[in-house]
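Student: no letters, just coordinates:
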């Protein structure tokens, strides 16, 4: 009896301390995991905004479109210093590439233009990069985190006794928590 109460005491201490220590990691993985689950509606790394507008002045055709003329088209957008190159995928359509991934597409015949601004998402993007594992140093910490989660789980399982512990409600919750992922693996 003394041994089991001593084990539960140490289990609570370990569970509490590791939970506090790894709470930041749990939040990072949880938040980035939610965003990554919805990649079809939100890009976790970049914010992309599209702006359509019409250029009213006459534009030169493919043969006479110069870099200087393209730079004047970029001035109202504040992107003239971010020009990298331009080309014509179709005779009437010019695409301008900008530093950082932004771009401008212009129909030189109709003047219709689409500016696509690409900017990094500072917080969610950084969390997603950590979730994808950015390098060797992170692998070590992520492995320590994974071992910590195993210890937190095992200490949580043995921490309580009686009808709230593994023999009672805790055991039912444990079985349900194990069965749900297994059912998804088998049937979906």
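Tutor: That came through fine. The structure displayed is predicted, hence computed values, not measured ones.

Student: helices of the chain, start to end?
Tutor: 2-21, 23-37, 67-74, 122-131, 136-159, 169-187 (DSSP state H).

Student: export those as a markdown table, with columns for distance to residue 85, mean neighbour count and mean pLDDT.
Tutor: Any C-beta I mention is one placed from the backbone N, CA and C, and that applies to glycine too. Shown next, in a markdown table, are these (distance: least, C-beta to C-beta, whole Å; neighbours: other C-beta atoms under 10 Å; pLDDT from 0 to 100):
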| stretch | distance to residue 85 | mean neighbour count | mean pLDDT |
| --- | --- | --- | --- |
| helix 2-21 | 49 | 13 | 90 |
| helix 23-37 | 32 | 14 | 93 |
| helix 67-74 | 9 | 14 | 94 |
| helix 122-131 | 26 | 16 | 90 |
| helix 136-159 | 34 | 14 | 94 |
| helix 169-187 | 47 | 11 | 93 |
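
Student: of all these, which one is nearest residue 52?
Tutor: helix 67-74 (14.5 Å; C-beta to C-beta).

Student: can you give the domain ranges for the protein?
Tutor: The chain breaks down by automatic domain parsing into domains covering 2-42+122-187, 46-120.

Student: can you add distance to residue 81 and give the helices of the chain back as TSV?
Tutor: Output for the helices of the chain, formatted as TSV (distance: least, C-beta to C-beta, whole Å):
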stretch	distance to residue 81
helix 2-21	45
helix 23-37	31
helix 67-74	8
helix 122-131	22
helix 136-159	34
helix 169-187	50
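
Student: lovely, talk soon.
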